[in-house]
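Asks: this one's sequence-less:
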């Protein structure tokens, strides 16, 4: 079944999304952060590498200088569904590029990668707790679970002053560790390539 239907999640560039990408399932056109990474990596044996690489490029393409990028993008533009993309973009890029044996394709996006890392350490690290925090439960991807007192701005109870930037979770710490590790691996590869070219 997976082999027969894997390509139904693949999408070609369209509008705001300048690179190929993946969707969570056939009927959708939205590019989601976590869904794209996990779906794309699971479907690597079925030809998804170009699409998961493109999905990560689309997020990087729309990351601004302060490291801001929404977690859901569409051919018509960004949506406000998720406050910020989860920190899975750089690791998704690295694993896709590794599968394609082409880490150099992401080198033009180094400023955006650095901006993403800076964003999380600047905006989401609570030094008094020593932990990183999600903006809200919806941003974490656990939008259907009862794990917070008020899940998101779509909830009637929402008060940004008390409900935002208070939820820390082990998945976020793990994602950020992998993001920084993946950026280091990219930098190591690009540095080695530059040294090889110089000799």
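Replies: Good, I have the coordinates. Since we're looking at a predicted model, the values are computed, not measured.
Asks: contacting residues for residue 59?
Replies: Contact analysis of residue 59 by C-beta atoms under 8 Å, 6 or more residues apart in numbering lists 31, 33, 69, 73, 85, 89. For the C-beta atoms, the positions are set from N, CA and C on the backbone; glycine is no exception.
Asks: try 7 Å this time
Replies: Neighbour list for residue 59: 33, 69, 85, 89 [criterion: C-beta atoms under 7 Å, 6 or more residues apart in numbering].
Asks: Look up the closest residue to it, ignoring the ones flanking it.
Replies: The shortest distance from residue 59 to any non-neighbouring residue, by C-beta to C-beta, 6 or more residues apart in numbering, is to residue 89 (4.7 Å).
Asks: Now do the one you found against residue 175, distance only.
Replies: Counting by C-beta to C-beta, to the nearest Å, the gap from residue 89 to residue 175 is 10 Å.
Asks: Need the mean per-residue confidence for the biggest helix by length in the chain.
Replies: Identified as the longest helix of the chain according to DSSP state H is helix 170-198. Helix 170-198 shows a mean pLDDT of 89.
Asks: Now do that helix: which elements does it pack against?
Replies: Helices and strands touching helix 170-198, as assessed by 3 or more C-beta pairs under 7 Å, 6 or more residues apart in numbering; DSSP states H and E, comprise helix 89-100, helix 110-123, strand 131-132.
Asks: let's see 10 Å
Replies: helix 33-42, helix 89-100, helix 110-123, strand 131-132, helix 137-140 (3 or more C-beta pairs under 10 Å, 6 or more residues apart in numbering; DSSP states H and E).
Asks: Switch the ones you listed over to CSV; also include distance to residue 171 and mean pLDDT.
Replies: Listed next are the helices and strands packed on helix 170-198 as CSV, based on distance: least, C-beta to C-beta, whole Å; pLDDT from 0 to 100:
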stretch, distance to residue 171, mean pLDDT
helix 33-42, 10, 94
helix 89-100, 13, 98
helix 110-123, 13, 97
strand 131-132, 10, 94
helix 137-140, 7, 88
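Asks: Throw these into TSV and include distance to residue 19 and mean neighbour count, thanks.
Replies: Shown next, in TSV, are those (distance: least, C-beta to C-beta, whole Å; neighbours: other C-beta atoms under 10 Å):
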stretch	distance to residue 19	mean neighbour count
helix 33-42	11	21
helix 89-100	11	23
helix 110-123	13	17
strand 131-132	28	16
helix 137-140	23	22
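Asks: could I get these as TSV with distance to residue 150?
Replies: Shown next, in TSV, are those (distance: least, C-beta to C-beta, whole Å):
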stretch	distance to residue 150
helix 33-42	22
helix 89-100	27
helix 110-123	20
strand 131-132	19
helix 137-140	8
